[in-house]
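**Student:** Sharing a sequence plus its predicted fold:
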Amino acid sequence: MAEPPAGDRMGVEPPEGMKHVCVYLGGHVGYRKRYVDEAEDLGRLMAADGVGLVYGGARVGLMGVLANAVLSNGGFATGVVPRQLAYQELAHEGLSRLYVVDTMHQRKYRMQSLCHGCLALPGGFGTIEEIFEALTWAQKPLLLHEKPCVFVNVDGYYDHLFRFLDHAAAEGLLLESNRALARQAPTATAALRDIQSAWDAEEEALQQMLREYRQ
């Protein structure tokens, strides 16, 4: 897969060795305060744990809530925004690093190339489409990445979606192994811990391979 142009980049580079989570979430805040609370909790925890944020670069909605929570707690936030939204002054200008790209396809590719895991908070069309593209790239037989993908199923927000995935698997249109790629957690904290556990398991597997190689 040919990598698209990097786009215009502003800001600073993250600390060496920092891992990043790409978070997909709504451009609106929704009607439940719980959604805002979860976005704020996630931002605080990512900053405290030294995990960088990659997201769609907007200053509005849950996207802005999350980015502001990361930044106000001393964390590192990277945004990737298409020029159309930048022209509409929807881009967050206070981010640690901001990419401005030409198309939505470039935006999604850039976000994926910068992250080590994916997380979906409540959102609409864009949130669902982007996390499902990440899952599509991870499924067999593509296997373009092995990054953990976790939905934050706040108050059952994604229950209907997971019932659909179970139905698709039961109908033989979604491999059970690929169905298992779509993970869920009840809170943002639990979702981030799930991703971090996957990172730890990956590191342990790598260390085990090195030990066996040296024997």
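**Tutor:** Nice, I can see it. Residues are numbered from 1 along each chain as shown.

**Student:** just checking, what's the longest helix in this protein?
**Tutor:** The longest helix of the chain (DSSP state H) is helix 188-214.

**Student:** Who are the packing partners of that one?
**Tutor:** helix 33-49, strand 117-120, strand 149-152, strand 182-185 (3 or more C-beta pairs under 8 Å, 6 or more residues apart in numbering; DSSP states H and E). The way it works is simple: take the backbone N, C-alpha and C, and place the C-beta from them, glycine included.

**Student:** By mean pLDDT, which helix or strand of the chain comes out lowest?
**Tutor:** helix 83-87 (a mean of 79; mean pLDDT, DSSP states H and E).

**Student:** Restricting to C-alpha, output that one in CSV.
**Tutor:** C-alpha atoms of helix 83-87 as CSV (Å, rounded to 0.1, in the frame of the first residue of the first chain):
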residue,chain,number,x,y,z
ARG,A,83,-8.3,20.8,4.7
GLN,A,84,-12.1,21.2,4.3
LEU,A,85,-12.5,21.2,8.1
ALA,A,86,-9.5,23.3,8.6
TYR,A,87,-11.0,25.9,6.2
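
**Student:** can you pull the buried residues of it?
**Tutor:** 83, 85, 86 (16 or more other C-beta atoms under 10 Å).

**Student:** Ok, stretch 114-132 next?
**Tutor:** The neighbour-count check on stretch 114-132 (16+ other C-beta under 10 Å) flags 114-123, 126-127, 130-131 as buried.

**Student:** Under the pLDDT cut-off, which ranges of the protein? List them.
**Tutor:** Applying pLDDT under 70 to the chain flags residues 1-7.

**Student:** if you set the cut-off to 50 instead, what comes out?
**Tutor:** 1-2 (pLDDT under 50).

**Student:** could the helices and strands packed on helix 188-214 go into a markdown table alongside distance to residue 74?
**Tutor:** Below are those laid out as a markdown table (distance: least, C-beta to C-beta, whole Å):
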| stretch | distance to residue 74 |
| --- | --- |
| helix 33-49 | 5 |
| strand 117-120 | 20 |
| strand 149-152 | 23 |
| strand 182-185 | 25 |
